[in-house]
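*Asks:* Provide a 3D model corresponding to the input given below.
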Amino acid sequence: MKIRIRHTDIHISAFFIAVIPLVVISGSYAQFILAYISIILHELAHMATAAIYGCRTVSLRVLPVGLSADIDTENCRRKEKLAIYSSGPAVSFFLSAAAYLAYILLSENLQYLYFISLLNFCLAVFNLIPALPLDGGKILQEILNDSIGLITAAKYIRAIALLLCIIATGAGVYQILAGNLNFSLFIMGLYFIVFFNTGKMEASLMNIKQLLYRRQRLLNKGIYQARDLVVLKGMRLGAVIKALDYDRFHFIYLLDEDLKLLRIITENEIIDCMLKHPGDMTFEELLKLLEA
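*Replies:* The predicted model follows:
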């Protein structure tokens, strides 16, 4: 089911509706509600931080395991992205500490407070695993992009994700064969496998690979159709990459705020820069590099 509130699409999974009676029948509805609220607060932290930086939540998926927000960070700086990605785990750690402190201080030692503390601690730690699409993977991606460039960073991220897939799935299978019917590690491994080839980074990398292949086709043919784009100097390289056609060679007319021409840049210059520098670099910063 899909509904739209303002500019945000909300997708409600059929599995979410189906799991509600199962939870009630099992008698674990109290734990389910506490877990779901914790996950909602985690995701709301991402959305609230994004809103502070002027980023829009494009869509929100309501799943049996919680919420999943798709936030448009296209025009965010690296520090802003890091703040958005880390806000969820930060809130989970805060809730864990607050619940544990209340559990210690209250004379009744209410067990549900201990459950909330442990739950939020596990939620924060799990989301900090350095693999996409988890928060830890996104944080590591931004850090590596800035230090070793987009393509090399992507190779490291994919290698880490693949390693975690193998470890979690293998450990899960071993647990099951050993007679321990705890499917958590096996499910974690399947989770990484499902999302291994998804995400915005993968789409951006495919765009760059297509552009690199086109460069070779142009060299082989010696002639190629071209297309012009007009871009303001404040735009980021990553945003413009998505606007490039697969079957055209591009010339970018770079303008300032007064719409005066600063320079004509080729797509090759953009790609060469993105291979060495982060994708959130602006054309103004690129211009300084080219003129240095």
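*Asks:* and the helices in the stretch 101-250 of the chain?
*Replies:* For the stretch 101-250 of the chain, helices defined by DSSP state H, counting those that start in this stretch occupy the ranges 111-127, 135-148, 150-177, 184-194, 200-221, 237-241.
*Asks:* what is the first one packed up against?
*Replies:* For helix 111-127, the packing partners by 3 or more CB pairs under 8 Å, 6 or more residues apart in numbering; DSSP states H and E come out as helix 29-52, helix 78-105. The C-beta positions use only the backbone N, C-alpha and C, and glycine is treated the same way.
*Asks:* tell me the angle of the last one relative to helix 111-127?
*Replies:* In other words, helix 78-105. If you take axes from the mean of the first three to the mean of the last three CA atoms, to 10 degrees, helix 78-105 sits at 160 degrees to helix 111-127.
*Asks:* ok, the shortest one next?
*Replies:* Direction vectors for helix 29-52 and helix 111-127, defined by the same axes, to 10 degrees, enclose an angle of 50 degrees.
*Asks:* starting at the chain centroid, how far to helix 29-52?
*Replies:* 17 Å (CA atoms, centre = their mean, to the nearest Å).
*Asks:* which is the succeeding secondary structure element to it?
*Replies:* For helix 29-52, the succeeding helix or strand toward the C-terminus, using DSSP states H and E, is strand 57-63.
*Asks:* need the residues that contact that following strand.
*Replies:* 7-13, 15-16, 47, 50-51, 67-72 (CB atoms under 8 Å, 6 or more residues apart in numbering).
*Asks:* selecting buried members of those in ChimeraX, what would you type?
*Replies:* Applying 16 or more other CB atoms under 10 Å to the contacts of strand 57-63 leaves a buried subset, and the ChimeraX line that selects it is:
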select :16,47,50,67,68,69,71
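*Asks:* what does Cys55 show for phi and psi?
*Replies:* For Cys55, the backbone dihedrals (degrees, to the nearest 10) come out as phi -90, psi 140.
*Asks:* can you verify my assumption that it contacts Arg77?
*Replies:* No. Between Cys55 and Arg77 there is no contact under CB atoms under 8 Å: 11.0 Å.
*Asks:* more neighbours: the two, which one.
*Replies:* Set side by side, Cys55 and Arg77 show unequal neighbour counts under other CB atoms under 10 Å, the larger going to Cys55 at 20 against 15.
*Asks:* which ones are touching the more buried one?
*Replies:* Neighbours of Cys55 in contact, by CB under 8 Å, 6+ apart: 71-73, 75-76, 80, 84.
*Asks:* cutoff 7 Å now
*Replies:* Applying CB atoms under 7 Å, 6 or more residues apart in numbering to Cys55 gives the contacts 71-73, 76, 84.
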